[in-house]
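Participant: Got a sequence here, can you model it:
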Amino acid sequence: MAKTHATKSESVDAGKVASPFHVPRIDFEAVIASQRKNIEALMEANKIAVEGIQAAMSRQFEIGRQTADEISTIVRDFVRPNGSVEDRVAKQAEYSKQAIEKGVSNAREIGELVTKASTEALNVISKRLTESLDEVRDYTKKHVAAR
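Facilitator: Prediction:
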């Protein structure tokens, strides 16, 4: 019959084998708390981004409404025989110039809305990343000093 148990000299003491590696204890509560903060920061950043997109879209719809009203006025003024042809062409040129300036201004405004939301969202993530690295540093200092 085969031998089923090891003698004392053949057994391995797990404590002696692991001792040279100094495996640190992990504070799972701290890890979970840190991950919870990471998720909260991502949720906040996403909320800021969504609100920024909504604000930009809302503003674009408002700009679209205003543009439609202005085009209606321009077309109405152009088709009415009011004044000479030269006056109407000059008026159209002025309308065109104003439309281009307003279009550039509106595009800049939308860009600023998007940039503001992006910056705020990235600031939230950046702040949390810094806090997370500080947590790791503090945890390491605490546990390395405790050895």
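Participant: so where's the longest helix in this structure?
Facilitator: For the chain, the longest helix by residue count, based on DSSP state H, is helix 85-145.
Participant: pLDDT on that helix, on average?
Facilitator: Mean per-residue pLDDT for helix 85-145: 90.
Participant: roughly how far is that helix from the heart of the chain?
Facilitator: Relative to the chain's own centre, helix 85-145 is displaced by 11 Å; criterion: C-alpha atoms, centre = their mean, to the nearest Å.
Participant: so what does that helix touch, helix or strand wise?
Facilitator: Here helix 85-145 touches helix 28-79, going by 3 or more C-beta pairs under 8 Å, 6 or more residues apart in numbering; DSSP states H and E. In this view, the C-beta of every residue, glycine as well, is placed from N, C-alpha and C.
Participant: what helices or strands is the helix it packs on leaning on?
Facilitator: By 3+ C-beta pairs under 8 Å, 6+ apart, helix 28-79 packs against helix 85-145.
Participant: K127: what's it in contact with?
Facilitator: Residues near K127 by C-beta atoms under 8 Å, 6 or more residues apart in numbering: A41.
Participant: How about residues contacting stretch 113-122?
Facilitator: A45, N46, I48, A49, E51, G52, I53, A55, A56, R59.
Participant: Over to stretch 29-37?
Facilitator: R128, E131, S132, E135, Y139.
Participant: tell me which residues of it are tucked away?
Facilitator: In terms of neighbour count (16 or more other C-beta atoms under 10 Å), stretch 29-37 has its buried residues at S34.
Participant: Distance-wise, check the closest residue to I53 other than its chain neighbours relative to V124.
Facilitator: Spatially, and ignoring its direct neighbours in sequence, I53 is nearest to A117 (7.0 Å; C-beta to C-beta, 6 or more residues apart in numbering). Using C-beta to C-beta, to the nearest Å, A117 is found at 11 Å from V124.
Participant: before we move on, what about D69?
Facilitator: Taking C-beta to C-beta, one finds D69 at 38 Å from V124.
Participant: of those two, who's got more company?
Facilitator: Neighbour tally, D69 and V124, criterion other C-beta atoms under 10 Å: the higher count belongs to V124, 20 against 10.
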